[in-house]
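[1] Provide a 3D model corresponding to the input given below.
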Amino acid sequence: MNDLQRKLISALEEAKEQQENQVISNKIIHILITVTSFVVIPVQIVSTFVLGILVSLTFGLLLIPISIVWMAIFFYPLLGLSYVYERIIILRPFISIIGIPLAVIGDIYVALMPSMGEMESRYEKLIICQTFPYTWKYLQLVEGKINIKNNDSLTKILREVSNAKPLKIYLDKLRVDVVSRPGSIKRNYQLDW
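    Alright, predicted model coming up:
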């Protein structure tokens with residue numbers, strides 16, 4: 001075996017290990033969300049009802065601070081951490097330490113806030129939290145900037161997220177959008193999330 005072959009094999013093994021580490025971070029998020037759901041679901045029924053009444057009484061003005069909190073505390077930090085996670089490999093353990101609790105708390109926040117009929121927005125927020133550290137790639141997929149065929153790890157995460165029935169319906173609509181984009185996927189390729 002020559003030097004070039006050894007370097008190529010070590011690079012492939014390193015890439016495989018990095019992909020497994022990303023999936024481990026996401027598995028931790030799913031485990032924590034599952035554990036916290038035993039407390040969140042009963043509280044969610046009360047909080048969405050009470051906050052829904054307050055939103056109605058304020059003619060929807062209460063949704064403004066709720067959205068500002070979501071964007072400032074959860075969405076932009078998760079998006080930024082996901083972007084840095086993808087670009088700077090050395091920082092991945094530190095980003096996971098910050099991003100995993102942020103994603104879990106963001107998921108709880110979305111679950112406790114009223115949706116006021118905008119279920120697709122709520123599902124997208126839940127998926128943004130549940131796909132960390134792939135949040136950046138997920139949003140690129142939604143905007144049509146990446147090809148899902150080249151992102152096996154993102155496909156794997158979306159398959160896990162789609163186990164929840166409402167999120168599966170939302171992701172099925174997204175799949176139709178992705179497949180229907182001109183030139184994005186060849187006809188014989190199957191999306192299996």
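
[2] which residue ranges form the helices in the chain?
    3-57, 63-69, 76-87, 92-112, 119-130, 135-143, 152-161, 165-180 (DSSP state H).

[3] Can you convert these into TSV and add a column each for mean neighbour count?
    C-betas here are computed from N, CA, C, even on glycine. TSV is the format used below for the helices of the chain (neighbours: other Cβ atoms under 10 Å):
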stretch	mean neighbour count
helix 3-57	13
helix 63-69	13
helix 76-87	17
helix 92-112	19
helix 119-130	20
helix 135-143	19
helix 152-161	18
helix 165-180	15
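
[4] so can I have a markdown table of these showing mean pLDDT?
    Listed next are these as a markdown table, based on pLDDT from 0 to 100:
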| stretch | mean pLDDT |
| --- | --- |
| helix 3-57 | 79 |
| helix 63-69 | 93 |
| helix 76-87 | 93 |
| helix 92-112 | 94 |
| helix 119-130 | 88 |
| helix 135-143 | 84 |
| helix 152-161 | 70 |
| helix 165-180 | 67 |
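
[5] mind checking how far the residue nearest to the spatial centre of the chain is from residue 31?
    For the chain, the residue lying nearest the average C-alpha position, counting by Cα atoms, centre = their mean, turns out to be residue 131 (2.5 Å). Distance, residue 131 to residue 31, by Cβ to Cβ, to the nearest Å: 15 Å.

[6] what's the answer for residue 77, then?
    Taking Cβ to Cβ, one finds residue 77 at 21 Å from residue 31.

[7] Which residue is the nearest non-sequential neighbour of the residue nearest to the centre of the chain?
    residue 138 (4.7 Å; Cβ to Cβ, 6 or more residues apart in numbering).

[8] Repeat that for residue 139.
    In space, residue 139 is closest to residue 79, 6.9 Å off (Cβ to Cβ, 6+ apart).

[9] before we move on, back to that, in contact with the residue nearest to the centre of the chain, which residues?
    26, 137-138, 154, 157-158, 161 (Cβ atoms under 8 Å, 6 or more residues apart in numbering).

[10] can you redo the residues you listed as a markdown table with distance to residue 110?
    A markdown table is the format used below for the contacts of residue 131 (distance: Cβ to Cβ, whole Å):
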| residue | distance to residue 110 |
| --- | --- |
| 26 | 17 |
| 137 | 20 |
| 138 | 15 |
| 154 | 20 |
| 157 | 17 |
| 158 | 18 |
| 161 | 13 |
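
[11] Taking the residues you listed together, which two end up most distant?
    137 and 161 (12.9 Å; Cβ to Cβ).
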